[in-house]
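*Asks:* After the sequence you'll find the predicted model.
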Amino acid sequence: MLTPPRTVVRRDGGLYALERALQRRGFRHVAGADEAGRGACAGPLVAAAAVLPEGRRGEIDELADSKLLTPAARERVHDEVVARALAYAVVVIPAEEVDARGLHVCNLAAMRRALASLTTRPEYVLTDGFGVDGLDVPGLAVWKGDRVAACVAAASVLAKVTRDRIMVELDGRFPGYGFAEHKGYITAEHSAALRALGPCREHRFSYVNVAAVSGRDGRPPRARRPAGADAARPEPAAGLPGLGPGAFAGRPDEPMGHCGASGGTVGVALGEQPRPPASVGEDVVMEGGVR
C-alpha cells in the first residue's frame, strides 16, 4: 500500500502557506481559532473562529497577528474578515465565568463553541498554541499560530477587536481604571488604580493580584469572587457592550449564540458542566501586559 507523500510547508512560505497546503490535500474549509484577554485581570475572555475563502478572495491586506497591528489597522482588518469570511464566530465569556470555572477550562470551552458555531463546517482546524478536544474533525495546534496561519490570524483580530470594544465601553461604566487604554491588562497604571479604588465587578477575583487587593487572598481560587460582586455597581441596559448589531447577551438557560445573515456569530459561553477545581496557581496571569 502506497503512503501519500509528505506535505512540506516552508517557514518562508508566508501567512497563507499552511492553509494552501491543507487545501491541496483536500481540506477545502480550514478554520482557525484564537482568543484574546487570557492575560488580563479584568473584562471578559473572548474567543473567535474563522474560515477564509480559498484563493485570492481569502487574502486580506494587512492581515497579521492582532498584537502586531495598530488599533486602526485591526479595525480595518476586522471589517475585511467579516466581509470576506465564509463563516466566523465570536464567543464572550464574562469575568464571573472565568472565576467560577477557571481560565483554562473557559478558554477551551470558548474556542470549542466558536468552532461549533461556524455556519460553514470546517474540514480541518488550526488553533493557536494548544489543541482543543471535543472536535469531530482533524486539527493541529500551531505554536504562534496567529503569525503563521491566516485563518488563525483572522480569528485573533476578531477576538481582539471585539474585546477592545467591550473594554472601551466598560471604561465609561467603571471610570478611574483606564480600561480604554490598557484593556484590563496588568500595567503599572492599572495596578495603581486597582490599589486605589479596589476591584469592580468586571475584575477577575480568581487572579492573585485582584484577590490580594480585595482582601480575599487567603481563599481558594474558585471561592475568591465576593458573593455581591455582580451587584456592586448599577447595571445599565441589558446585553454585552461593544458587540454591535446582532449581539447576543444571553441567560444561562438560553442557547449559546445568534447567527446573522453574514454567517457570523456572537455569543456567551455558559452552561457547560464545571470540572473539579484546579490546583492553586492556574489563575495567575498567563501573559504579559500586551495591549
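*Replies:* Alright, I've got the coordinates.
*Asks:* Next one: residue 44 from residue 166, what distance?
*Replies:* 6 Å (C-beta to C-beta, to the nearest Å). Where C-beta positions appear, they are placed from N, C-alpha and C, glycine not excepted.
*Asks:* Give me the more crowded residue out of those two.
*Replies:* Each of residue 44 and residue 166 has its neighbours counted (other C-beta atoms under 10 Å); residue 44 has more, 31 against 25.
*Asks:* That one contacts residue 95, correct?
*Replies:* Yes. Shown here, residue 44 and residue 95 form a contact pair, counting by C-beta atoms under 8 Å, at 6.3 Å.
*Asks:* Quick one: mean pLDDT for the one helix or strand residue 172 maps to?
*Replies:* Per DSSP states H and E: residue 172 is located in helix 150-173. Helix 150-173 shows a mean pLDDT of 96.
*Asks:* list the helices and strands it packs on?
*Replies:* strand 30-36, strand 45-51, helix 71-84, strand 87-93, strand 124-128, helix 145-148, helix 179-182 (3 or more C-beta pairs under 8 Å, 6 or more residues apart in numbering; DSSP states H and E).
*Asks:* so the third one versus strand 87-93, what angle?
*Replies:* This means helix 71-84. When axes from the mean of the first three to the mean of the last three C-alpha atoms, to 10 degrees is applied, the directions of helix 71-84 and strand 87-93 differ by 130 degrees.
*Asks:* For helix 71-84, which helices and strands make contact with it?
*Replies:* Packing partners of helix 71-84 (3+ C-beta pairs under 8 Å, 6+ apart): helix 150-173.
*Asks:* Return the alpha-carbon coordinates of the helix it packs on using PDB.
*Replies:* Coordinates of the C-alpha atoms in helix 150-173 are reproduced here as PDB (Å, rounded to 0.1, in the frame of the first residue of the first chain):
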ATOM      1  CA  ALA A 150      -4.100  33.200   8.000                       C
ATOM      2  CA  CYS A 151      -7.300  31.800   9.500                       C
ATOM      3  CA  VAL A 152      -5.800  31.900  13.000                       C
ATOM      4  CA  ALA A 153      -4.600  35.500  12.400                       C
ATOM      5  CA  ALA A 154      -8.200  36.400  11.300                       C
ATOM      6  CA  ALA A 155      -9.600  34.800  14.400                       C
ATOM      7  CA  SER A 156      -7.100  36.700  16.600                       C
ATOM      8  CA  VAL A 157      -8.200  40.000  15.000                       C
ATOM      9  CA  LEU A 158     -11.900  39.200  15.500                       C
ATOM     10  CA  ALA A 159     -11.300  38.300  19.200                       C
ATOM     11  CA  LYS A 160      -9.000  41.300  19.900                       C
ATOM     12  CA  VAL A 161     -11.300  43.900  18.300                       C
ATOM     13  CA  THR A 162     -14.400  42.600  19.900                       C
ATOM     14  CA  ARG A 163     -12.700  42.600  23.300                       C
ATOM     15  CA  ASP A 164     -11.200  46.000  22.900                       C
ATOM     16  CA  ARG A 165     -14.600  47.400  22.000                       C
ATOM     17  CA  ILE A 166     -16.100  45.900  25.200                       C
ATOM     18  CA  MET A 167     -13.300  47.300  27.300                       C
ATOM     19  CA  VAL A 168     -13.800  50.800  25.900                       C
ATOM     20  CA  GLU A 169     -17.500  50.600  26.800                       C
ATOM     21  CA  LEU A 170     -16.600  49.300  30.300                       C
ATOM     22  CA  ASP A 171     -14.300  52.300  30.700                       C
ATOM     23  CA  GLY A 172     -17.400  54.600  30.700                       C
ATOM     24  CA  ARG A 173     -19.300  52.400  33.100                       C
END
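*Asks:* got the residue ranges for the helices in this protein?
*Replies:* Secondary structure of the chain by DSSP state H: the helices cover 17-24, 71-84, 95-101, 103-116, 145-148, 150-173, 179-182, 188-197, 208-213.
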